[in-house]
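**Q** Here you go, sequence then predicted model.
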Amino acid sequence: MDPWFPPGSFPQSRPRRLRHNPLLRAMVRQTRLSVDDLIEPIFLRPGTGVRNPVSSMPGVFQVSPDMAVEQVRGALDVGIKAFLLFGIPPVKDSRGDCALEDDNIVQVGLRALRDAFGDSIVIVTDECFCEYTDHGHCGILSERTGRLDLDNDANLTRLAAQCVSHARAGADIVAPSGMLDGMIGAIRRGLDAAGYSHTPIMSYAVKFASAYYGPFRDAAESPPQFGDRGSYQMDPGNRDEALRELALDLGEGADMVMVKPALAYLDIVRAVRERCTVPVVAYNVSGEYAMVKAAAAQGWIDERRVVLETLLGMRRAGADLIISYHARDAARWLESR
Ligand code: PBG
Ligand code: ZN
């Protein structure tokens, strides 16, 4: 018999019996959200005492390293132990060379957090060049293909060098987000050769070219100055291609895989979950956050319930971990439940 066939029909079968009261409902709840699942992003910028609000992301700030230490202290208070670092450099150029320097803002921030918290936090670093290039694309450009475009292979060694520099400064996990072909293999070889064979790679394996990244580009000051990211990020209509990207990254040695954005792509989260055995990460991106914050500010939705329901939905779709700007609030709400 089909195992999914219901155990009898009405009136023997009454699903409402198991919904009778809150204790019973909690007992049979299949999916849970825990503070251990959450990763909080941090936007670093140079200076001291800097805490600039990001206008399109209420509650999110660009912080200097000393203020990042304060941010992490506050997150630790509610149980969040994992963080994803982005950096906004003081100057940008066409190549984004400063990203590779030991005194770049992310490396400085890494050392400050490492000094303050030792091994009691997990630090993930976003690996890309769009925050560092004046044109806002995710690496150096060339006209090899007949028009100005992200140069795939020329960026691979640079990406590996960025990861090594971050690992040296104290990153626990590197997370390449540029959607370059071959990036996981190149980074793995680079890390291994530099003595970081123990450093895991969290691949932004399935990243779509999405309008939901809009507010992030305010936060990181990194919008592309011409064109869009369609020649490297994926077309939103493609599901089989997502699985191909997944297979390639696993073959190259990805230790965890991410799907991004999350909310409009939960079917992809599920498909990825069913086809691999490594941890799956969903990125609850800036536009998803901004929409909830805007509706909540109008009093149109119950922010707490909407956020917890949304994050739970990502877990139910198959995500083990969730990167979210709501992480801190969600942790607080989970604690007080
Ligand atoms: C950098 C990067 C982006 C995001 C994460 N890493 C921006 C982009 O690809 O345009 C988006 C995160 C968000 O929207 O919250 N490549
Ligand atoms: Zn980028």
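**A** Structure's in. What do you need? Ligands and ions are numbered 1, 2, ... in the order given.
**Q** So is stretch 150-166 next to ligand 1?
**A** No - Stretch 150-166 does not reach ligand 1 (CB under 6 Å from any ligand atom); its nearest approach is 11.1 Å. To be clear about C-beta, it is placed using only N, CA and C from the backbone, and glycine gets the same treatment.
**Q** Give me the contact list for that stretch.
**A** Contacts with stretch 150-166, where a contact means CB atoms under 8 Å, 6 or more residues apart in numbering, come from 99-102, 104, 106-107, 110, 125, 127-129, 137-142, 144, 171, 174, 176, 178, 180-183, 186-187, 189-191, 194, 196, 199, 201, 231-232.
**Q** Would you list the buried entries among those residues?
**A** 99-100, 104, 106-107, 110, 125, 127-129, 137-141, 171, 174, 176, 178, 180, 183, 186-187, 190-191, 194, 196, 199, 201, 232 (16 or more other CB atoms under 10 Å).
**Q** Show the overlap between those residues and what lies near ligand 2.
**A** 128, 138 (CB under 5 Å from the ion).
**Q** Keep only those of the buried ones among the contacts of stretch 150-166 that are also close to ligand 1.
**A** 128, 138, 178.
**Q** now the last one, nearest residue through space, not along the chain?
**A** Leaving aside its sequence neighbours, residue 178 sits nearest to residue 138 (CB to CB, 6 or more residues apart in numbering; 4.1 Å).
**Q** Would you report the backbone torsion angles of that neighbour?
**A** Here is the backbone geometry of residue 138 (degrees, to the nearest 10): phi -80, psi 20.
**Q** Check what pLDDT it gets.
**A** For residue 138, the pLDDT comes out at 96.
**Q** likewise residue 229?
**A** At residue 229, pLDDT is 94.
**Q** I figured it hits residue 136, correct?
**A** No - checked against CB atoms under 8 Å, the pair residue 229 and residue 136 is beyond contact range at 9.2 Å.
**Q** List the buried residues for the top helix by length along the chain?
**A** Of all the elements of type helix in the chain, the one with the most residues (DSSP state H) is helix 152-169. The neighbour-count check on helix 152-169 (16+ other CB under 10 Å) flags 152, 155-156, 158-167, 169 as buried.
**Q** Can you name the element that comes right after that helix?
**A** Later in the chain than helix 152-169, the nearest helix or strand by DSSP states H and E is strand 173-176.
**Q** starting at the chain centroid, how far to that next one?
**A** Computed by CA atoms, centre = their mean, to the nearest Å, the chain-centroid distance of strand 173-176 equals 10 Å.
**Q** Rounded mean pLDDT for it, please.
**A** 98.
**Q** doesn't residue 212 make contact with residue 236?
**A** No - using CB under 8 Å, residue 236 is not in contact with residue 212, being 10.0 Å away.
**Q** about what we covered before: reformat the ones next to ligand 1 among the buried ones among the contacts of stretch 150-166 into CSV and put distance to residue 62 next to each item.
**A** Below are those laid out as CSV (distance: CB to CB, whole Å):
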residue, distance to residue 62
128, 17
138, 20
178, 21
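**Q** Out of these, which comes closest to residue 302?
**A** residue 128 (35.1 Å; CB to CB).
**Q** Output the below-cut-off pLDDT ranges for the protein.
**A** 1-3, 5-7 (pLDDT under 70).
**Q** what about 80?
**A** 1-7, 337 (pLDDT under 80).
**Q** That one: strands as residue ranges?
**A** Along the chain, the stretches classed as strands by DSSP state E are 38-44, 51-53, 61-63, 82-87, 122-127, 141-142, 149-150, 173-176, 202-207, 256-260, 280-284, 321-324.
**Q** need the helices for the stretch 1-150 of the chain, in chain order.
**A** 22-27, 65-77, 105-117 (DSSP state H, counting those that start in this stretch).
**Q** Equivalent analysis for the stretch 151-300 of the chain, please.
**A** 152-169, 183-193, 214-219, 240-252, 266-275, 286-297.
**Q** can you list these in TSV and add distance to residue 335?
**A** Shown next, in TSV, are the helices of the stretch 151-300 of the chain (distance: least, CB to CB, whole Å):
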stretch	distance to residue 335
helix 152-169	31
helix 183-193	36
helix 214-219	26
helix 240-252	34
helix 266-275	26
helix 286-297	20
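**Q** closest to residue 25 out of those helices?
**A** Between residue 25 and those, the tightest spacing by CB to CB is seen for helix 266-275, at 22.6 Å.
**Q** Now do the buried residues in that closest one.
**A** 266, 268-273.
**Q** Run through the residues of the stretch 151-300 of the chain sitting next to ligand 1.
**A** 177-178, 213, 216-217, 229, 285-286.
**Q** okay if I get those as CSV plus distance to residue 324?
**A** Below are these laid out as CSV (distance: CB to CB, whole Å):
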residue, distance to residue 324
177, 16
178, 21
213, 14
216, 13
217, 18
229, 22
285, 9
286, 10
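**Q** how about those residues, which pair is most distant?
**A** Using CB to CB, the pair of those lying farthest apart is 178 and 286, separated by 17.3 Å.
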